[in-house]
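Peer 1: I'll drop the sequence and a predicted model, then ask my questions.
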Amino acid sequence: MTPEQILKQYFGYDAFREGQADIISQILSGRDVLGIMPTGAGKSICYQVPAMLLNGLTIVISPLISLMHDQVRALLENGIPAAYLNSALDEDTYRQTLAAVFNGRIRILYAAPERLETESFLHIAQEVPIAMVTVDEAHCVSQWGQDFRPSYMKIMEFLQRLPNRPILSAFTATATKDVADDIVRILGLQEPYVITTGFDRKNLYFAVEEPRDKFQALVRIIREHEGEAGIVYCLTRKTVEDVTEHLQENGIQASRYHAGLSDEERARNQEDFLYDRIQVIVATNAFGMGIDKSNVGFVVHYNMPKNIENYYQEAGRAGRDGSNADCILLYAPGDVRLNQFMIERSNDNDQLDETMRIRLREKDQERLKQMTFYCTRHECLRHYILRYFGEKTQNYCGNCSACKTNYEKKDISVEALKIASCIYRLQQRNLQFGAKGITDILRGSKAEKYAKFNLSDTLSTFGIMQDVTERQCRQMIDFLVTEDWIGQGGEFKTLTLNRKSVQLLKERPVITMNVVKEEKPVTLRRDKSLSPDVDAGLYARLKEERSQISKKEGVPAYIIFTDSSLQDMARKVPTTEMAFLSISGVGRVKLEKYGTRFLRVIQTYLKEQGSGGH
């Protein structure tokens with residue numbers, strides 16, 4: 001069979017997406033590969049298709065148990081023999097899986113990196129012909145990656161203990177050039193074919209909002225997305241607990257997901273989300289979900305993540321089936337301080353020496369700075385993300401909150417001078433404050449913590465911005481930090497003067513910033529309606545049929561058919577098996593399994609409408 005035949009028969013697609021065919025061709029020629037493709041771009045197809053054509057087992061190394069389970073379930077549903085080995089399996093299931101691998105009944109085996117050093121796994125790997133080893137989330141191997149995992153260092157030892165070197169393929173959604181070079185070097189990829197397919201996900205709408213009340217903003221967003229599945233990411237377990245409880249109190253079907261829960265509850269809550277028994281899952285950013293659920297209509301970051309890499313990967317879990325979806329970040333200045341606190345207490349891995357620990361912390365702080373700029377600069381959000389990953393784009397996409405918002409230029413030269421002067425005069429007294437403190441002093445706060453310094457009587461800049469709201473003052477300070485007119489550093493993110501600050505104080509340049517003309521929520525901007533060529537009545541019937549099958553067979557609805565597949569059926573209205581095979585996502589296995597039932601729904605619907613079929 002050809003790769004194209006595998007793609008159609010097992011996955012139901014007529015053509016490969018950008019980069020997939022080239023990667024598969026290189027793998028089948030025996031060449032190592034590094035694929036850098038955004039979340040939702042179809043990385044898994046790049047190793048699953050050749051795995052069906054190579055002579056031997058393909059081992060996929062993945063750090064996420066939930067993703068392994070999801071991928072294997074989808075493969076089995078498509079008729080591809082696959083399995084996984086991780087700590088979630090009981091002893092009997094683990095032994096049975098090893099036996100199936102040994103007897104050649106498995107084509108694709110997913111394994112956590114920790115499994116590689118167990119004697120039972122190593123024994124099987126040395127006895128069974130291994131055609132390819134695929135490293136998913138390959139950025140985890142690099143100490144400069146945003147999610148370095150020491151367990152990934154076991155991969156190289158494992159490969160060295162195999163009797164024959166297999167083809168190596170590595171994939172990641174987010175890698176800067178330094179990280180990509182690290183992946184090639186550390187994994188020992190030999191003259192690899194390296195491809196970056198482009199990071200743009202055109203179906204995603206990006207928005208940053210700085211609401212006065214985050215929770216009310218979140219409730220509004222969820223209600224705007226009624227009937228759609230959504231993920232809400234939070235920085236801490238406590239926030240996950242609080243947000244979940246408040247959503248439930250507001251009548252929203254939501255559940256929680258973080259590392260502090262029992263394995264049983266995590267599994268149950270994840271299943272409820274996958275099977276659409278709840279609308280929203282609230283999860284920690286650090287733990288990550290790794291869910292391959294294709295019909296996520298929106299992802300909300302309740303807190304700002306600590307870097308662009310994490311943000312783009314997590315936001316990318318929306319719209320994986322190609323449908324339009326919203327990625328909304330609810331920003332608050334306190335998120336910066338919380339991330340800074342977490343960075344200062346991270347990198348405590350005992351495998352790192354103190355010098356490396358310091359360098360990693362500095363790298364994390366620089367990433368946090370870039371993430372903060374994303375939230376506070378009034379420029380095209382998509383352009384900012386793509387530029388961060390090295391892509392050149394226009395500074396206007398027309399599909400993000402920055403591009404959709406009505407801004408006006410405001411001269412803040414006088415205010416900037418007042419802010420810098422305040423910092424300067426405080427430094428003369430050996431006093432330093434963060435953005436909140438400087439804002440309070442400029443606005444004449446009577447709080448005890450400032451009164452003890454006797455600032456109201458002796459500091460000329462005390463209260464000189466009383467006519468400016470706290471919110472406006474903070475926005476100006478954020479802008480000045482972003483544009484490097486003032487510095488910010490240290491554990492408490494105190495404001496300081498730098499070289500440009502001296503220029504500001506001495507030369508008094510004109511400084512302008514974009515301000516919003518009218519304050520209003522700017523989150524939901526995509527068209528949620530179906531395409532005009534999709535029969536909405538038939539689409540609803542098809543979704544109901546899928547739901548019934550899902551409940552009966554215990555399989556998530558999106559694994560049976562994605563929403564985009566059902567929309568294609570409601571667009572093309574097939575009435576024969578041959579026509580049904582032309583639907584995106586319908587392969588031979590899906591036709592044999594579900595074709596009769598869905599064709600019956602279509603034919604019944606057409607009779608009721610009094611029309612013929614295609």
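Peer 2: Here it is on my side, so go on.
Peer 1: Using neighbour counts, pick out the buried residues of the helix or strand where Asp457 lies.
Peer 2: Per DSSP states H and E, Asp457 falls inside helix 455-458. Neighbour counts over helix 455-458 (16 or more other CB atoms under 10 Å) mark Leu455 as buried. To be clear about C-beta, it is placed using only N, CA and C from the backbone, and glycine gets the same treatment.
Peer 1: One more: stretch 218-228?
Peer 2: Residues of stretch 218-228 classed as buried: 218-222, 225, 228 (neighbour count, 16+ other CB under 10 Å).
Peer 1: quick one: which of those residues is nearest Phe11?
Peer 2: Among the buried residues of stretch 218-228, Glu228 lies closest to Phe11 (CB to CB), at 24.6 Å.
Peer 1: burial measure for the residue nearest to the closest one when sequence neighbours are not counted, as a count.
Peer 2: Once flanking residues are discounted, Glu228 sits nearest to Gly297: 3.0 Å by CB to CB, 6 or more residues apart in numbering. Gly297 has 21 neighbours, counted by other CB atoms under 10 Å.
Peer 1: in a strand, that's where Gly297 is, yeah?
Peer 2: Yes: counting by DSSP: H, G, I helix; E, B strand; the rest coil, one finds Gly297 located in a strand.
Peer 1: what residues are up against it?
Peer 2: 225, 228-230, 318-319, 323, 325-326 (CB atoms under 8 Å, 6 or more residues apart in numbering).
Peer 1: Let me know whether Val133 touches Arg165 as I believe.
Peer 2: No: applying CB atoms under 8 Å, one finds Val133 not in contact with Arg165, separated by 9.1 Å.
Peer 1: Between the two, which contacts overlap?
Peer 2: Leu159.
Peer 1: Which parts of the stretch 251-400 of the chain are strands?
Peer 2: Here the stretch 251-400 of the chain has its strands, by DSSP state E, counting those that start in this stretch, at 254-257, 280-284, 296-301, 325-330.
Peer 1: Gln603 contacts Pro574, doesn't it?
Peer 2: No: judged on CB under 8 Å, Gln603 makes no contact with Pro574 at a distance of 9.9 Å.
Peer 1: Among those two, which residue is more densely surrounded?
Peer 2: Ranked by neighbour count (other CB under 10 Å), Gln603 and Pro574 place Pro574 first, with 22 against 15.
Peer 1: and the more buried one, what element?
Peer 2: Per DSSP H and E, there is no helix or strand for Pro574.
Peer 1: residues touching the residue nearest to it when sequence neighbours are not counted, list them.
Peer 2: Nearest non-adjacent residue to Pro574, counting by CB to CB, 6+ apart: Phe580, 4.5 Å away. Residues near Phe580 by CB under 8 Å, 6+ apart: 569, 574, 586, 591, 595, 598-599.
Peer 1: swap the cut-off to 10 Å and go again
Peer 2: Listed by CB atoms under 10 Å, 6 or more residues apart in numbering, the contact set of Phe580 reads 569, 572, 574, 586, 590-591, 594-596, 598-599, 602.
Peer 1: What ranges in the stretch 251-400 of the chain fall below the confidence cut-off?
Peer 2: Across the stretch 251-400 of the chain, the ranges flagged by pLDDT under 70 are 286-291, 347-352.
Peer 1: residues in contact with the helix holding Asp457?
Peer 2: 422, 425-426, 429, 431, 440-441, 444-446, 450, 461-463.
Peer 1: Now do Met358: how many residues are near it, please.
Peer 2: For residue 358 the amino acid is Ile, not Met. 12.
Peer 1: about what we covered before: JSON lines for the buried residues of stretch 218-228, including distance to Leu116 and pLDDT?
Peer 2: Formatted as JSON lines, those follow (distance: CB to CB, whole Å; pLDDT from 0 to 100):
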{"residue": "Leu218", "distance to Leu116": "40", "pLDDT": "97"}
{"residue": "Val219", "distance to Leu116": "45", "pLDDT": "97"}
{"residue": "Arg220", "distance to Leu116": "46", "pLDDT": "95"}
{"residue": "Ile221", "distance to Leu116": "41", "pLDDT": "96"}
{"residue": "Ile222", "distance to Leu116": "41", "pLDDT": "96"}
{"residue": "His225", "distance to Leu116": "41", "pLDDT": "94"}
{"residue": "Glu228", "distance to Leu116": "39", "pLDDT": "92"}
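Peer 1: got those residues as a markdown table, with distance to Val510 columns?
Peer 2: Listed next are these as a markdown table, based on distance: CB to CB, whole Å:
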| residue | distance to Val510 |
| --- | --- |
| Leu218 | 39 |
| Val219 | 42 |
| Arg220 | 38 |
| Ile221 | 38 |
| Ile222 | 43 |
| His225 | 43 |
| Glu228 | 46 |
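Peer 1: From Asp411, how far off is the residue nearest to Glu228?
Peer 2: 41 Å (CB to CB, to the nearest Å).
Peer 1: Kindly report the same for Tyr312.
Peer 2: To Asp411, Tyr312 is 34 Å away according to CB to CB.
Peer 1: Thr372 too?
Peer 2: Distance of Thr372 to Asp411, given as CB to CB: 24 Å.
Peer 1: again, but for Glu577
Peer 2: The spacing between Glu577 and Asp411, counted by CB to CB, is 68 Å.
Peer 1: Same check on Met578?
Peer 2: Here the criterion is CB to CB. By it, Met578 lies 67 Å from Asp411.
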